[in-house]
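Undergrad: need coordinates for the following:
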Amino acid sequence: MFFRAGPFEFTFPRPTLLMGILNVTPDSFSDGGLFVDRDAAIQHGMRLVEQGADILDVGGESTRPRAAMVSAEEEIARVVPVIEVLRKKVFVPISIDTMKPSVARAAVDAGASIINDVAANRENDEMWRLVAETGVGYVAVHMQGTPQNMQEKPHYENVVADVNQFFGERLSRLTGLGVKNEQIVLDPGIGFGKTVEHSLQLLRELRVFKQWGCPVLLGVSRKSFMGHLLGSSVNERLPAALACACWAAQCGVEMIRTHDVAETKQALRMAEALLRGV
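TA: Numbers count the residues shown, from 1 in each chain. This next block holds a predicted model:
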């Protein structure tokens, strides 16, 4: 299996890739406001790479439940200066976490090699044509609804089957527009229009999504379903997230998106060493 993102290529099987989260936002649920300043964001991005991040995921608009939307102009002003500098300082792919095609294009022009799209449930094909045109990587995230309404009574007949069907439909549309299978990563979207039980069901059956021949990405870092389940605050959820990351490695997941790169890397490498002997 290959994943190609612009000039970058990863061949699997290999150690689980780590996508380090860099939120250049004032209102993200965990680290909002910490890295709004451009220089602080750049320094943090470089620190994440030093800790072992294989990919940097830069976001300029919060996608937490009921988050306020920002204009494309504001989002571009937040992320592009950071991407432009980081592209010259780090030698890993930079991902742009955005729902807006215009922001994605500006980020790719600035040096981003991956588009991380929580709005892969869209019907408009502008974002996908950009992916086909530029050859960047594309993360198709499953979300029911929008960040503004996704947690208002999410409902599925069978959440695993429904998400898997969504992946099949998206892959058909993406490849039909000229996006290559090797550009695509699948993310079941834990917490994006899911109850606690929905998230647990998806985690239990992560192997189902391996059927498509694309890398699978899991993002659970500090998410609220762990707080609801365990009674832990945002800054107390690292042990639970590490448990999920190690479980994901056992299920064959290729990428983990995390705020806590150093800790996640250590947990994953230990889990992988154990799994090699199974």
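Undergrad: CA atoms of the helix or strand encompassing Ser199 as CSV?
TA: Ser199 belongs to helix 196-204 when assigned by DSSP states H and E. The C-alpha coordinates for helix 196-204 follow below in CSV (Å, rounded to 0.1, in the frame of the first residue of the first chain):
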residue,chain,number,x,y,z
VAL,A,196,-20.1,7.8,22.9
GLU,A,197,-21.5,4.4,21.9
HIS,A,198,-21.1,5.2,18.2
SER,A,199,-17.4,6.1,18.8
LEU,A,200,-16.8,2.9,20.7
GLN,A,201,-18.4,0.8,18.0
LEU,A,202,-16.2,2.3,15.4
LEU,A,203,-13.1,1.8,17.5
ARG,A,204,-14.0,-1.9,18.1
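Undergrad: and the helix or strand following that helix, how far out from the chain middle?
TA: Scanning forward in sequence from helix 196-204 by DSSP H and E, the next helix or strand is strand 217-219. Centre-to-centre, strand 217-219 and its host chain are 6 Å apart (C-alpha atoms, centre = their mean, to the nearest Å).
Undergrad: swap in stretch 125-140?
TA: With C-alpha atoms, centre = their mean, you get 15 Å for stretch 125-140.
Undergrad: can you give me the end-to-end span of it?
TA: End-to-end span of stretch 125-140 (C-alpha to C-alpha, to the nearest Å): 13 Å.
Undergrad: do the same with stretch 254-267
TA: 15 Å.
Undergrad: quick one: mean pLDDT over stretch 102-109.
TA: The average pLDDT for stretch 102-109 rounds to 97.
Undergrad: need the residues that contact that stretch.
TA: The contact list for stretch 102-109 (C-beta atoms under 8 Å, 6 or more residues apart in numbering) reads 58, 60, 72, 75-76, 79-80, 83, 94, 96, 98, 112, 115, 117, 127, 130, 134, 136. (Glycine included, C-beta is placed from N, CA and C.)
Undergrad: please apply the same query to stretch 37-52.
TA: By C-beta under 8 Å, 6+ apart, the list of residues contacting stretch 37-52 reads 18, 20-22, 24, 34-35, 56, 58, 81-82, 85-86, 89-90, 92, 261-262, 265.
Undergrad: helix or strand right after the lowest-mean-pLDDT helix or strand in the chain?
TA: Least confident helix or strand of the chain, by mean pLDDT, DSSP states H and E, is helix 224-230 with a mean of 91. Next in sequence after helix 224-230, counting helices and strands by DSSP H and E, comes helix 238-250.
Undergrad: which helix or strand lies directly C-terminal to that next one?
TA: For helix 238-250, the succeeding helix or strand toward the C-terminus, using DSSP H and E, is strand 255-258.
Undergrad: after that following strand, which helix or strand is next?
TA: helix 261-275.
Undergrad: where along the protein do the helices fall?
TA: Secondary structure of the chain (DSSP state H): helices at 38-51, 72-89, 101-110, 126-134, 159-176, 196-204, 224-230, 238-250, 261-275.
Undergrad: for Cys246, give its distance to Ala112.
TA: Shown here: Cys246 relative to Ala112, a distance of 29 Å by C-beta to C-beta, to the nearest Å.
Undergrad: so Arg207 makes contact with Gly252?
TA: Yes. Counting by C-beta atoms under 8 Å, Gly252 is a contact partner of Arg207 at 6.2 Å.
Undergrad: and the two? Which one has more around it.
TA: Gly252 (16 against 12; other C-beta atoms under 10 Å).
Undergrad: and that one, backbone torsions?
TA: With angles defined as degrees, to the nearest 10, Gly252 sits at phi 90, psi 10.
Undergrad: contacts only, for Trp257.
TA: For the record, residue 257 is Arg, not Trp. When the contact criterion is C-beta under 8 Å, 6+ apart, the partners of Arg257 are Met19, Ile21, Asp57, Asp187, Leu217, Leu218, Gly219, Ser221.
Undergrad: what pLDDT does the first one get?
TA: Translated: Met19. pLDDT, the model's per-residue confidence, is 98 for Met19.
Undergrad: next, the buried residues of stretch 108-126.
TA: Residues of stretch 108-126 classed as buried: 108, 110-121 (neighbour count, 16 or more other C-beta atoms under 10 Å).
Undergrad: low-confidence stretches in the stretch 1-150 of the chain?
TA: Confidence mapping of the stretch 1-150 of the chain against pLDDT under 70 gives the ranges 27-36, 64-67, 145-150.
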